[in-house]
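J.: when you get a sec, could you give me coordinates for this:
(one chain, ligands or ions: 2)
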Amino acid sequence: MASLFQTPITALRGVGDKKAKLFERIGAPTVGDLLYTFPRGYEDLSHPIPIRMASPDQPCAVRAIVTRVPSAVRVHGGVTLYRGFADDGETVFPLTYFNNPYIVHVLHEGEEYLFYGKVTFLHLKPGMTTPEFFPAASCPPVRPIYRQTEGLNSRTIQQAMKQALLLLPETVHDPLPEELRASRGLCPLRQALEDIHFPSTMQALEKAKRRLIFEELFLLQISLLLLKNGERGESGWRMTQDATEEFWQLLPFTPTGAQRRAVREAVADMAGDSPMRRLVQGDVGSGKTAVAAALCWQAAKNGAQAALMAPTELLARQHFATLSSFFSGTDVHPVLLTGSTPKKERAAILASLADGSAQVAVGTHALLSEGVEFARLALAVTDEQHRFGVGQRSALTAKGHSPHMLVMSATPIPRTLALMLYGDLDLSVLDELPPGRTPVLTYAIPSEKRRRALGFLRRHAQEGRQSYIICPMIDEGDDDRASVTEYAARLRTEELPSLRIGELHGRMKPAEKEEVMTRFASGDLDILVSTTVVEVGVDVPNAVVMMIENAERYGLSQLHQLRGRVGRGSQQSYCILVTDAQNQEAVSRMQVLCSTTDGFRVADEDLRLRGPGDFFGSRQHGLPTLRIADMAEDLSVLRDAQDAAAALLRADPTLSLPEHRRLRRYAQRTGGGQPAG
Ligand code: ADP
Ligand code: MG
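T.: Residues are numbered from 1 along each chain as shown. Ligands and ions are numbered 1, 2, ... in the order given. The predicted model follows:
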């Protein structure tokens, strides 16, 4: 089986280089990957209903005899319409197809078919327009529906899948040890793969799912535990000198109890024999940067080096500025390394890291690039870790000799879940905001009230406060979504000509972005019109209004993150969600934000509204992509998988027994942030 993951998708008939690109896009560059590309849903054809029972606009299966083969009835505007009739025993209903001359030859009068599609009612009379159809005698009971991409539809994927299944060796190697399967009544891999794609019955499908969900979570747990075990016992850098009190004295504020606790926990880890593996989770504004700074200080004061990696250039620069100001007047000098660091400067920085004279490096993933070497890297911190995969996390630690690792995340997830998802990390929670913060007041308004809202922004500007306006697009597009460039131009010329307006988006050069951000941070701009690039970590305490255009376009967690850009000082702050969306889901999202500023509650609601699939699938959480399991719904399986994985690794810590060889291969593929399978 493992070899199918080395078999390129082009091994399948009808898949050339061009198609292969499309298969790659759906995550299936190899035959093995294709087999692990599971349907997003199924059409149940096993329960056909009479057409008069159909609900409007719900797809359903109708079994009927063709009484008149569709024929071209009308031609206008280049469209040819084919109209025929079928009889389900109770009702004779029209069948309509467009521009499909073949239909005349593939449907036969007097024969029975299963038609699948939506039923539409015209003057209360039901009919079907472009339904799929199968000869009733040879109709599959359940049909898979795959996520399609442009140029590659579900049907083509289905055909490829049938071939891929034929390539499964007769005795497919199952990564799950026999004993494990037997004890849980899980079906063999081959059967699971066949039934997940082309189930003979709904029960067979459930069985296949159960097995594959267990497999996925089990492999994930195995790979996390292998990661953790592999590092355990290796000597970390023992930092026995506690320099944190000294650091707290450097701060312009008093640390919160939560900040002190998180730092204390990490400092204790770093004084121990094995390397720290810790996750610090704290809502936006809870003060994670100071925690990171404290630990970098601790490393430096113990004669070692620390690296702090941020997901964007902007954020890296900001962290650099923050750390530089905390450390000013001391002998700890941070350096900044990003993709746009000039060559000459870069060479000097690399030299100072390599000889150990620079104690703290702040940067983007440029820190991971070749040629970056540390003399004594003892601590690797990654900020906003949901932007980095597990792989990048370990790439940074690979720059040192088993350095301590701290991951910081602003995504609140329930504690039990976090413990399992970050199976390899210990957890500190910053559950306390710095004092003096007043919760951000949030309002949702329709776009017709925008004018008034802008007046509100103007009044704040007159009092010396600043605002953000977020637009979903950079340039004007062909729909009516707001764009940064156009919006900023309109504010300058028409709506708020007296104010100083800046704009910021991802297509600007880093230097330009930095200039704008610096001007905004220093109060030189009243309003910053921006895309969501300001979402991550940007900190300007004097900004008090966050206005979000087309708010319906963002998920709850993202809106919460954006809102977190204001309310950072002692002033009352506001978040204005501009949306004309009427649908229930969007309205609920706005209501949640208007009613709470608690990130954990927002996350819970996000989970509830979006459904766990989308929530975890949105890749916001740095989790490995799961193909079938559902972290929230399959919690009990996750627990079981975790216990099973732990037990197995206790018996065979490196998976070197012959019966575990396949398992090891699979688990290696699962690790490193790569999708399972
Ligand atoms: P986040 O957790 O979102 O990364 P930051 O580290 O950016 O939060 O901190 C948000 C703001 O709160 C910053 O302006 C920071 O200076 C300030 N801050 C952090 N800790 C404290 C504290 N203990 N007391 C007062 N202000 C603080
Ligand atoms: Mg931050």
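J.: contacts only, for the single nearest residue of the stretch 301-450 of the chain relative to ligand 1.
T.: The minimum distance from the stretch 301-450 of the chain to ligand 1, using Cβ to the nearest ligand atom, falls at Pro434 (3.3 Å). Just so you know, the C-beta spots here come from the backbone N, C-alpha and C atoms, and that holds for glycine as well. Applying Cβ atoms under 8 Å, 6 or more residues apart in numbering, one finds that Pro434 lies in contact with 253, 256, 285-287.
J.: in ChimeraX, how would I select the buried members of those residues?
T.: ChimeraX command restricting the contacts of Pro434 to the buried ones, with burial defined by 16 or more other Cβ atoms under 10 Å:
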select :256,285,286,287
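J.: which among the contacts of Pro434 are in contact with ligand 1?
T.: Subset of those in contact with ligand 1: 253, 256, 285-287, counting by Cβ under 6 Å from any ligand atom.
J.: these two touch, right, Asp273 and Met239?
T.: No: using Cβ atoms under 8 Å as the test, Asp273 is too far from Met239 to be in contact (11.7 Å).
J.: three-state assignment of Glu373?
T.: coil (DSSP: H, G, I helix; E, B strand; the rest coil).
J.: equivalent analysis for Gln642, please.
T.: Criterion first, three-state DSSP; result for Gln642: helix.
J.: nearest spatial neighbour of it, skipping sequence neighbours?
T.: In space, and not counting its chain neighbours, Gln642 is closest to Gln221: 4.8 Å by Cβ to Cβ, 6 or more residues apart in numbering.
J.: buried set for the helix or strand where that neighbour lies?
T.: Following DSSP states H and E, one finds Gln221 within helix 202-231. The neighbour-count check on helix 202-231 (16+ other Cβ under 10 Å) flags 204-205, 207-227, 231 as buried.
J.: my read: Asp606 touches Leu559, true?
T.: No: the pair Asp606 / Leu559 is not scored as a contact, 9.4 Å apart, by Cβ under 8 Å.
J.: now the stretch 201-350 of the chain against ligand 2: closest residue?
T.: Residue nearest to ligand 2 within the stretch 201-350 of the chain (Cβ to the ion): Lys288, separated by 4.9 Å.
J.: need the pLDDT of that residue.
T.: Looking at Lys288, its pLDDT reads 94.
J.: any part of stretch 253-271 near ligand 2?
T.: No: Stretch 253-271 is not in contact with ligand 2 by Cβ under 5 Å from the ion; minimum separation 12.7 Å.
J.: could I have that stretch exported to PDB, CA atoms only?
T.: Only the C-alpha atoms of stretch 253-271 are listed here, as PDB (Å, rounded to 0.1, in the frame of the first residue of the first chain):
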ATOM      1  CA  PHE A 253       3.800  48.200  33.300                       C
ATOM      2  CA  THR A 254       3.200  45.600  36.100                       C
ATOM      3  CA  PRO A 255       2.800  42.100  34.700                       C
ATOM      4  CA  THR A 256      -0.500  40.400  35.200                       C
ATOM      5  CA  GLY A 257      -0.800  37.400  37.400                       C
ATOM      6  CA  ALA A 258      -1.300  35.200  34.300                       C
ATOM      7  CA  GLN A 259       1.800  36.600  32.700                       C
ATOM      8  CA  ARG A 260       3.800  35.800  35.800                       C
ATOM      9  CA  ARG A 261       2.400  32.300  36.000                       C
ATOM     10  CA  ALA A 262       3.100  31.500  32.400                       C
ATOM     11  CA  VAL A 263       6.700  32.800  32.700                       C
ATOM     12  CA  ARG A 264       7.200  30.900  35.900                       C
ATOM     13  CA  GLU A 265       6.000  27.700  34.300                       C
ATOM     14  CA  ALA A 266       8.300  28.100  31.300                       C
ATOM     15  CA  VAL A 267      11.300  29.100  33.400                       C
ATOM     16  CA  ALA A 268      10.800  26.000  35.500                       C
ATOM     17  CA  ASP A 269      10.700  23.900  32.300                       C
ATOM     18  CA  MET A 270      13.900  25.500  31.000                       C
ATOM     19  CA  ALA A 271      15.700  24.800  34.300                       C
END
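J.: for this structure, which strand is longest?
T.: In the chain, assigned by DSSP state E, the strand with the most residues is strand 59-76.
J.: Gly371: neighbouring residues, count only.
T.: By other Cβ atoms under 10 Å, the residues close to Gly371 number 8.
J.: contacting residues around it?
T.: So Gly371 contacts Leu350 (Cβ under 8 Å, 6+ apart).
J.: and the gap between it and Ser595?
T.: Here Gly371 is placed at a distance of 51 Å from Ser595 (Cβ to Cβ, to the nearest Å).
J.: same thing with Ala192?
T.: For Ala192, the distance to Ser595 (Cβ to Cβ) stands at 44 Å.
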